[in-house]
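> the following block contains a protein sequence and its predicted model.
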Amino acid sequence: MRQHLDQFTVRTARGLTDITAEVRRIVDASGVRRGLCTVTIRHTSASLVIQENADPKVLRDLEAFLTRLVPEGDPLFTHNDEGADDMPSHVKAAITRTSEQIPIDGGGLLLGTWQGIYVWDHRHHPRPRTLVVHVAGE
Amino acid sequence: MRQHLDQFTVRTARGLTDITAEVRRIVDASGVRRGLCTVTIRHTSASLVIQENADPKVLRDLEAFLTRLVPEGDPLFTHNDEGADDMPSHVKAAITRTSEQIPIDGGGLLLGTWQGIYVWDHRHHPRPRTLVVHVAGE
Amino acid sequence: MRQHLDQFTVRTARGLTDITAEVRRIVDASGVRRGLCTVTIRHTSASLVIQENADPKVLRDLEAFLTRLVPEGDPLFTHNDEGADDMPSHVKAAITRTSEQIPIDGGGLLLGTWQGIYVWDHRHHPRPRTLVVHVAGE
């Protein structure tokens, strides 16, 4: 087994941004034909999910649901240093994910037909987000 | 280090289905005595969790809680192509998991006493679900 | 590639306990300079998250939000063998995480500036919690 480690930065908007192509490019560059790909995000107010890549309404509804579940201006929150979307962003990141794994076979990502890899940015004015991709295999 | 990659399909009912035995079988077949097992699900309306395997009421309560938290027929949802349970299924999958890792030692899964690996199907009429198991180690 | 597997036990209080230093120690001991670290928790009423390590109010607010979202004494719950915090603990663990991955480079954890690794204990009177750390790389 051998491994490959790479990073990339993505400019997101609030909500879900598809990074499947960037991840695929790194897996291609690794030369690994069979193995495991691990994606991690180096932030605590943005997160990762693998979700439906066909209907953009799914992405809209995911964002709408999470924003209703974790509303801005909630008097429960005491940490508001960076504004009303600061603490809701941390909660949303905590209940989604900081890393995702995707197996690799035949040199490609073994995703389901409807699966895409997304950065979910919870801030209104996102800064560039850094992702790390680790590939291990043969 | 070496690796082993396998897939299997499981027939689920709505709610949680224990797949620990199937995962264990693949780890056994891999011959890996010490290492890491990664399970992924190739769907976006079903997910994975590691949860209590002793009292079936835990599984019932998990399902009841998540269904109350993400109710069907919510007017917030615009994606309803496959029925009222379509979009709630995506949300439930997004706030649980698409992959799980379990370390391996002595040829066995290093789970806690009360831990089982579950597919959580969020659809009323689930189709067969495909899981991928990656094992790496020595 | 080579690997290293280790376990440690941590005494938690209800809420979030930083385990970044313990994980770092195991990565140091492994001698791996570049690779991937996987942390898993062997319990179903405590979980893992990677979250903000700067302002303790973030940790307080995360705990407050999750406890309001999954309240004790909810008549929905039928599993109460170990008290009113029993079933809420399982739900909270199910919507956070049982494992986390952190890439390694230059012999250190490739965490973001504000990221720490936390055990999130959901019980009022936590017992010692066992964590497993798997390190693979070169």
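Happy to help now that I have it. Numbering: from 1, shown residues only, chains lettered A, B, ... in the order given.

> just the strands in chain A please.
A:2-10, A:15-18, A:35-41, A:46-52, A:99-105, A:108-109, A:115-121, A:129-137 (DSSP state E).

> for C:Gln115, which of those strands is the nearest?
Proximity to C:Gln115 (CB to CB) singles out strand A:35-41 among those, at 9.3 Å. (Glycine included, C-beta is placed from N, CA and C.)

> and the pLDDT for the spatially closest residue to A:Asp6 that is not a sequence neighbour?
Residue nearest to A:Asp6 in three dimensions, not counting chain neighbours: A:Ile26, with 4.8 Å by CB to CB, 6 or more residues apart in numbering or on different chains. In the prediction, the pLDDT value recorded for A:Ile26 is 98.

> need the pLDDT of A:Pro72.
If you look again at residue A:72, you'll see it is Glu, not Pro. At A:Glu72, pLDDT is 97.

> with only the CA atoms kept, save stretch A:77-86 in CSV.
Taking C-alpha atoms only, stretch A:77-86 is exported to CSV below (Å, rounded to 0.1, in the frame of the first residue of the first chain):
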residue,chain,number,x,y,z
PHE,A,77,-26.2,31.4,22.5
THR,A,78,-23.5,33.3,24.4
HIS,A,79,-20.7,33.1,21.7
ASN,A,80,-21.5,35.8,19.2
ASP,A,81,-18.0,37.3,18.5
GLU,A,82,-18.4,37.1,14.8
GLY,A,83,-22.1,37.9,14.5
ALA,A,84,-25.4,36.1,14.7
ASP,A,85,-24.3,33.4,12.3
ASP,A,86,-21.2,32.5,14.3
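
> buried ones in that stretch?
Within stretch A:77-86, the residues scored as buried using 16 or more other CB atoms under 10 Å in any protein chain shown are A:77, A:79-80, A:85-86.

> surely the residue nearest to A:Asp6 meets A:Gln7?
No - with contacts defined as CB atoms under 8 Å, A:Ile26 does not count as touching A:Gln7, sitting 9.1 Å away.

> overlap in contacts, the two.
A:Val133 (CB atoms under 8 Å, 6 or more residues apart in numbering or on different chains).

> so which of those two has more stuff around it?
Set A:Ile26 next to A:Gln7 and count neighbours by other CB atoms under 10 Å in any protein chain shown: A:Ile26 wins out with 21 against 14.

> hmm, back to that, quick one: closest of the strands of chain A to B:Leu62.
strand A:46-52 (19.5 Å).

> which residues sit against that closest one?
Contacts of strand A:46-52 (CB under 8 Å, 6+ apart): A:12, A:16, A:39-41, A:58-59, A:62, A:89, A:92-93, A:96-100, A:102, A:111, A:114-123, A:126, A:129, B:44, B:90, B:93-94, B:98.

> just checking: which of these also lie near chain C?
Among the contacts of strand A:46-52, proximity to chain C is found for A:40-41, A:93, A:97-99 (CB under 8 Å from any CB of the partner chain).

> TSV for the residues you listed, including pLDDT and distance to chain B?
Converted to TSV, those look like this (pLDDT from 0 to 100; distance: CB to the nearest CB, whole Å):
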residue	pLDDT	distance to chain B
A:Thr40	98	12
A:Ile41	98	15
A:Ala93	98	12
A:Arg97	98	7
A:Thr98	98	12
A:Ser99	98	8
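
> can you lay out the residues you listed as a markdown table showing neighbour count?
A markdown table is the format used below for those (neighbours: other CB atoms under 10 Å in any protein chain shown):
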| residue | neighbour count |
| --- | --- |
| A:Thr40 | 27 |
| A:Ile41 | 25 |
| A:Ala93 | 25 |
| A:Arg97 | 27 |
| A:Thr98 | 27 |
| A:Ser99 | 23 |
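
> leaving out the residues flanking it, which one is nearest to the residue in chain A positioned nearest to chain B?
Residue nearest to chain B within chain A: A:Gly112 (3.4 Å; CB to the nearest CB). Leaving out its chain neighbours, the residue that sits closest to A:Gly112 by CB to CB, 6+ apart is B:Arg42, at 3.4 Å.

> quick check: the one you found vs B:Asp18, distance?
19 Å (CB to CB, to the nearest Å).

> out of those two, which sits in the busier spot?
Neighbours per residue (other CB under 10 Å) separate B:Arg42 from B:Asp18, with B:Arg42 holding more: 21 against 15.

> residues contacting A:Met103?
You called it Met, but residue A:103 is Pro. Contacts of A:Pro103 by CB under 8 Å, 6+ apart are A:35-37, A:109-110, B:5, B:38, B:40, B:132, B:134.
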